[in-house]
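Q: sequence? don't have it. structure:
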């Protein structure tokens with residue numbers, strides 16, 4: 001109990017002018033990104049519910065650290081919320097299922113996965129590591145940009161030095177495709193592309209455009225190779241130290257924000273592709289069937305190395321027709 005009280009005191013020591021306790025929400029999204037829009041909407045909804053004693057304040061653009069740092073700061077009680085995505089596969093192997101290429105078909109599908117599996121599978125996995133997920137939000141469908149050539153089939157990635165997030169399955173996937181994947185913090189990617197340290201990267205349109213990668217990339221290939229959720233994550237001990245009514249208000253706000261996130265993400269896909277094209281980036285459609293075929297060894301590896309991996313893949317796939325929205 002003293003541990004919980006100490007963490008809560010550390011986290012809540014800094015208050016704003018209008019509230020006694022500040023609850024910090026750190027994320028890596030740049031201005032104009034889906035992450036920023038999502039976090040800001042959550043702040044608005046949550047603070048309306050919380051009243052005068054508590055206030056959620058968002059800190060984007062890696063101000064409070066990158067994904068790995070934020071995972072640590074959650075445990076230390078230095079932030080209340082983070083918005084990790086691919087890095088969750090390093091927290092618990094169950095999250096690696098979202099790294100399987102083309103496993104998520106659309107937003108109705110991920111909504112069904114969230115509704116069915118958050119409490120059944122993913123929160124137990126997170127809680128075993130000391131975390132709690134309040135809701136699924138979105139990072140999005142990922143595309144490939146680079147300065148070498150258009151990517152139409154996996155063989156076109158041969159030898160391309162491609163930045164990836166931390167997470168073993170993204171590395172394995174691009175190694176299987178023939179690329180040279182290079183894990184790197186998101187905040188470092190623009191400079192690495194600009195200086196030629198890496199040739200390319202892969203991200204959703206919202207991350208590409210908000211980070212201005214179109215200024216330092218020649219080609220964008222529409223692959224949709226992975227859909228990555230974003231998870232509204234908190235530390236179990238820190239969150240449970242809050243008053244119950246505060247916990248309930250924050251959980252409701254995170255879940256209510258989900259619909260806004262999906263609606264905004266869908267609109268950004270259209271708007272931001274146009275922004276990228278207007279910057280002079282050459283855009284092409286990849287042969288997704290070729291990528292699907294090349295991806296089978298990744299599924300085989302996941303089934304062989306993750307306990308219950310094959311059943312997890314089957315469960316996610318079976319929900320592709322079960323969404324209600």
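A: Arrived safely. Since this is a predicted model, take the numbers as computed values, not measurements.
Q: Mind listing the strands the longest strand anywhere in the chain pairs with, and their directions?
A: Scanning the chain for the strand with the most residues, using DSSP state E, yields strand 131-141. The strands beside strand 131-141 in its sheet (DSSP bridges) come out as strand 227-235 (antiparallel).
Q: mean confidence for the partner strand?
A: Per-residue pLDDT over strand 227-235 has a mean of 97.
Q: just to revisit the earlier point, following the longest strand of the chain, which helix or strand comes up?
A: Counting by DSSP states H and E, the next helix or strand C-terminal to strand 131-141 is strand 143-146.
Q: Tell me the helix or strand right after that next one.
A: Counting by DSSP H and E, the next helix or strand C-terminal to strand 143-146 is strand 161-164.
Q: distance between the helix or strand that that following strand is followed by and the chain's centre?
A: Scanning forward in sequence from strand 161-164 by DSSP H and E, the next helix or strand is helix 168-177. The gap between where helix 168-177 is centred and where its chain is centred comes out at 17 Å by C-alpha atoms, centre = their mean, to the nearest Å.
Q: Please work out which residues outside stretch 38-58 touch it.
A: 15-16, 18-27, 29, 36, 60, 80-81, 83, 137-138, 230, 232, 242, 246, 249-250, 252-254, 256-257, 260-261, 264 (C-beta atoms under 8 Å, 6 or more residues apart in numbering). C-beta here means a position set from N, CA and C on the backbone, and glycine is covered the same way.
Q: What segments of the stretch 151-300 of the chain are strands?
A: In the stretch 151-300 of the chain, the strands defined using DSSP state E, counting those that start in this stretch lie at 161-164, 180-183, 200-203, 219-222, 227-235, 282-285.
Q: and of those, who's closest to residue 114?
A: Residue 114 lies closest to strand 227-235 among the strands of the stretch 151-300 of the chain, at 7.6 Å (C-beta to C-beta).
Q: Buried residues of that closest one, list them for me.
A: 227, 228, 229, 230, 231, 232, 233, 234, 235 (16 or more other C-beta atoms under 10 Å).
Q: Touching it from outside, list them.
A: So strand 227-235 is contacted by 7, 35, 38, 42, 71, 74-75, 77, 80-86, 88, 98-99, 103-104, 110, 114, 122, 126, 130-142, 204, 254, 257 (C-beta under 8 Å, 6+ apart).
Q: Please spell out the ChimeraX selection for the buried subset of these.
A: Of the contacts of strand 227-235, the buried ones can be selected in ChimeraX as follows, counting by 16+ other C-beta under 10 Å:
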select :7,35,38,42,71,74,75,77,80,81,82,83,84,85,86,88,98,99,103,104,110,114,122,126,131,132,133,134,135,136,137,138,139,140,141,142,204,254,257
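Q: Just the buried positions in stretch 140-155, please.
A: For stretch 140-155, a neighbour-count test (16+ other C-beta under 10 Å) marks 140-146, 148-151, 153-154 as buried.
Q: center of this protein - which residue?
A: residue 85 (2.4 Å; C-alpha atoms, centre = their mean).
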